[in-house]
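Visitor: Show me the folded form of this:
(chains A and B, ligands or ions: 1)
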Amino acid sequence: MNRFGYPDLGIGLGLRTTHYSNILGNRPPVGWFEALSENYLDTGGRPAFVLDKIAEQYPVVLHGVSMSIGGTDPLDFDYLRKLKALAKRVNARWISDHLCWTGVAGRNAHDLLPLPYDEPTLRHCIERVRIISDFLEQPLVIENPSSYVEFAQTTMSEWEFIARLANEADCGLLLDVNNIYVSAFNHSFDANEYIDAMPEDRIVQIHLAGHTNHGTHIIDTHTGHVIDEVWSLYADACRRFGDVSTMVEWDADIPEFDVVFAEALKAAAYRSDVREVACA
Amino acid sequence: MRELQTWMHDAIVAPLPPPADDVARRILPSRTLAPNERLDIYRDMYAIRMEEALEVDYPAVAALLGHHDFHHLVHAYVQRHPSTSYTLNRLGDAFSQFIAETMPRRRALYDLARLELAMTQVFDEEESPLIDANAIAAVPAESVASMRLVPIRALRLLSFDYPANDLFQRFRDDEPMRTPRRKPTWLAIHRRDYSVMRLPLESRAFAMLELIHGGATLGAAVVEFASRFDGPPRQDELFAWFRDWTAAGLFTAIEIEGT
Ligand SMILES: [Fe+2]
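Guide: Numbering: from 1, shown residues only, chains lettered A, B, ... in the order given. Here you go, the predicted model:
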């Protein structure tokens, strides 16, 4: 259990438009849904209606892409205010975003852009995460990103940076096991070393996803099934962190609900296998 | 930090990549990729993301233009109107205006883009409660002229030089898209039960609905209508319009001026 008391909600899914009618019509036994915050912030239409309905029936978690924790523009308090109000409306169990920056000088690239891992950047991120958590009145949960470049000015590993950020900013972590695999491939590091370095009492949630391997590099496309190597990393994470709320991200070429749900249920099987071995 | 982010952002969104040696000063090579090849991953994804975002909002424009021309239009558009919001939903706000400025002869395309912009706006507007089917009939006769019908938030009224709605319908029906002949048309775009609806109108009905949408009382709207059309609307005409518009769910309240 994490130190914040954020509950283990079991196995969840990302809430995607193509699955709305299936979810509302059939009420599948999903543990919880992760909603992409930005899709629900500025709408009084169908997305808002559906999210409210789902929040009546399932625990909901808000996952965003726009905080720009590592950005150098001022924090967008208009965005944070709306996010806080939405979280309250749907009783979001926690709010997460990524360790990244998204733009500069008011322009937004709408990408999770990578940071150099050095001391000044770490101090900058710690300060911003503290401000955000204070404003939201709850510990923010931060996700490790996938990345495709490393900067010459980097002085520490990503896992050291993230562990120190979490400890010093007192925030939670959303461990994306697929992102660890992707970045380990792209930057030739050891994924197990990464997982071992994570502070276990700060792991609030785990992401799993498919990706696209181009041979020379891997892109985190959130499409297709989770590959065996990532499942194996997930099993390692379960052994190390115990039962943690887990969900599968599938965002491109999204198949029928049942296919995504079946993928998520594989995570349930991994979790219980690990638990049984631990108890034996 | 600021300097690195400014450099990288520019490097991602610019039409041409920065010189390879400039990239190599800041970005390390991987086992398999040179620094500039690694940066290109972000450049390519940016271009794809912008195109996908605009295609979500403007699918019929994309279909009418074809993949190649749409790609180039998007590329030019985001150079001039890069996203400045935390949400991609605002990215296409100036798209129809950009089409008008950069492709002034493509008037049908411009009309289609305005239609699609209105559809995305209506999709996200706040929900409004609806007046009852008999609410207008229940207004006392002496108050009818000073009655003001308040439209729902999710309503846009558009007049076109081209049959934009027919063109959009061809897209929906998966029929071949080609630029139609010029013909003025009028359309109400509104939301009903969380679905976006398109209600074609003829010019007289459109004029009346536009006056009401602009906040005129029924009496003032009829007077203005009469000056435009050489006479007021017929009683039966007016009756049918209000019956249809109420049934379509276009009004949220009735106010009586002076009360
Ligand atoms: Fe993720």
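Visitor: Please report how far B:Ala133 lies from chain A.
Guide: Distance from B:Ala133 to chain A, counting by C-beta to the nearest C-beta, to the nearest Å: 23 Å. Where C-beta positions appear, they are placed from N, C-alpha and C, glycine not excepted.
Visitor: Is it correct that that residue is in contact with B:Asp244?
Guide: No. Judged on C-beta atoms under 8 Å, B:Ala133 makes no contact with B:Asp244 at a distance of 11.3 Å.
Visitor: residue boundaries of the strands in the stretch 151-280 of chain A?
Guide: Along the stretch 151-280 of chain A, counting by DSSP state E, counting those that start in this stretch, strands occupy A:172-176, A:203-209, A:212-213, A:218-219, A:245-249.
Visitor: among the ones you listed, which is nearest chain B?
Guide: Closest to chain B of those, according to C-beta to the nearest C-beta: strand A:218-219, at 7.0 Å.
Visitor: Tell me the strands beside that closest one, with direction?
Guide: strand A:212-213 (antiparallel) (DSSP bridges).
Visitor: Flag the shaky bits of the stretch 1-150 of chain B, pLDDT-wise.
Guide: Low-confidence segments of the stretch 1-150 of chain B (pLDDT under 70): none present.
Visitor: would you list every one of the strands in it?
Guide: In the stretch 1-150 of chain B, strands defined by DSSP E, counting those that start in this stretch lie at B:147-151, listed in chain order.
Visitor: which residue does it bring closest to the ion?
Guide: B:Met45 (15.6 Å; C-beta to the ion).
Visitor: sorry, back to before: how about the strands of the stretch 151-280 of chain A in a markdown table, adding distance to B:Ala63 and mean neighbour count?
Guide: A markdown table is the format used below for these (distance: least, C-beta to C-beta, whole Å; neighbours: other C-beta atoms under 10 Å in any protein chain shown):
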| stretch | distance to B:Ala63 | mean neighbour count |
| --- | --- | --- |
| strand A:172-176 | 36 | 26 |
| strand A:203-209 | 31 | 26 |
| strand A:212-213 | 27 | 13 |
| strand A:218-219 | 27 | 18 |
| strand A:245-249 | 29 | 25 |
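Visitor: For B:Leu33, find the nearest of these.
Guide: Set against B:Leu33 and scored by C-beta to C-beta, the strands of the stretch 151-280 of chain A come closest in strand A:218-219, at 11.4 Å.
Visitor: Run the chain-centre distance for the closest one.
Guide: Chain-centre distance of strand A:218-219: 17 Å, with C-alpha atoms, centre = their mean, to the nearest Å.
Visitor: Show me what the mean pLDDT comes to for that strand.
Guide: Across strand A:218-219, pLDDT averages out at 96.
Visitor: any idea how far the ion is from the residue nearest to B:Thr84 when sequence neighbours are not counted?
Guide: Closest residue to B:Thr84 apart from its sequence neighbours, by C-beta to C-beta, 6 or more residues apart in numbering or on different chains: A:Gly106 at 5.2 Å. Separation of A:Gly106 from the ion (C-beta to the ion, to the nearest Å) stands at 26 Å.
Visitor: How about A:Tyr79?
Guide: 20 Å.
Visitor: Now for that residue: which residues touch it?
Guide: A:41, A:66-67, B:86 (C-beta atoms under 8 Å, 6 or more residues apart in numbering or on different chains).
Visitor: right, and B:Asn89 touches B:Thr120 too?
Guide: Yes. Counting by C-beta under 8 Å, B:Thr120 is a contact partner of B:Asn89 at 7.2 Å.
Visitor: which neighbours do these two share?
Guide: With C-beta under 8 Å, 6+ apart, B:Asn89 and B:Thr120 have common neighbours B:Asp57.
Visitor: more crowded one of those two?
Guide: Higher neighbour count among B:Asn89 and B:Thr120: B:Asn89, with 21 against 17, using other C-beta atoms under 10 Å in any protein chain shown.
Visitor: Can you give me the neighbour number for whichever residue of the stretch 151-280 of chain A sits closest to chain B?
Guide: Across the stretch 151-280 of chain A, the shortest distance to chain B (C-beta to the nearest C-beta) belongs to A:Thr216, at 3.9 Å. A:Thr216 has 14 neighbours, counted by other C-beta under 10 Å.
Visitor: Would you list the phi and psi of the closest residue to it other than its chain neighbours?
Guide: Closest residue to A:Thr216 apart from its sequence neighbours, by C-beta to C-beta, 6+ apart: B:Thr32 at 3.9 Å. Main-chain torsions, B:Thr32, degrees, to the nearest 10: phi -120, psi -20.
Visitor: returning to that earlier point: including distance to A:Ala163, could the strands of the stretch 151-280 of chain A go into JSON lines?
Guide: Below are those laid out as JSON lines (distance: least, C-beta to C-beta, whole Å):
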{"stretch": "strand A:172-176", "distance to A:Ala163": "9"}
{"stretch": "strand A:203-209", "distance to A:Ala163": "11"}
{"stretch": "strand A:212-213", "distance to A:Ala163": "28"}
{"stretch": "strand A:218-219", "distance to A:Ala163": "23"}
{"stretch": "strand A:245-249", "distance to A:Ala163": "20"}
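Visitor: got any ranges where the stretch 51-200 of chain A has weak pLDDT?
Guide: If you take pLDDT under 70 as the line, the stretch 51-200 of chain A has no such spans.
Visitor: and the residue of it nearest the ion?
Guide: A:Asp176 (3.8 Å).
Visitor: Let me know whether that residue touches A:Ala209 as I believe.
Guide: Yes. If you go by C-beta under 8 Å, A:Asp176 and A:Ala209 touch, sitting 7.2 Å apart.
Visitor: so what's B:Thr11 closest to, chain neighbours aside?
Guide: Just so we're on the same page, residue B:11 is Ala rather than Thr. Leaving aside its sequence neighbours, B:Ala11 sits nearest to B:Pro18 (C-beta to C-beta, 6+ apart; 4.9 Å).
Visitor: Now the phi/psi pair for the residue sitting furthest away from the middle of chain B, please.
Guide: The centre of chain B is farthest from one residue, B:Arg31, which by C-alpha atoms, centre = their mean lies 47.0 Å away. Dihedral angles of B:Arg31 (phi, psi; degrees, to the nearest 10) stand at phi -60, psi -30.
Visitor: List the residues that contact it.
Guide: So B:Arg31 contacts A:Ser188 (C-beta under 8 Å, 6+ apart).
Visitor: ok, so what distance separates it from B:Leu149?
Guide: 68 Å (C-beta to C-beta, to the nearest Å).
Visitor: got the contact list for residue 237?
Guide: In the absence of a named chain, this looks at chain A. Residues near A:Ala237 by C-beta under 8 Å, 6+ apart: A:175, A:177, A:195, A:203, A:206, A:244.
Visitor: meant chain B actually
Guide: B:Arg204.
Visitor: what about it, distance to B:Ala248?
Guide: Taking C-beta to C-beta, one finds B:Glu237 at 17 Å from B:Ala248.
Visitor: Show me which pair in the contacts of A:Tyr79 is furthest apart.
Guide: Farthest pair in the contacts of A:Tyr79, by C-beta to C-beta: A:Leu41 and A:Met67, 12.4 Å.
Visitor: Could you check how many residues crowd around the closest residue to B:Leu117 other than its chain neighbours?
Guide: Excluding the flanking residues, the one nearest B:Leu117 by C-beta to C-beta, 6+ apart is B:Ser96, at 5.6 Å. Residues near B:Ser96, counting by other C-beta under 10 Å, number 21.
Visitor: again with the one 3 residues further on
Guide: Close neighbours of B:Ile99, defined as other C-beta under 10 Å, add up to 23.
Visitor: Identify the residues contacting residue 236.
Guide: All of this refers to chain A. Contacts of A:Asp236 by C-beta under 8 Å, 6+ apart are A:192, A:195.
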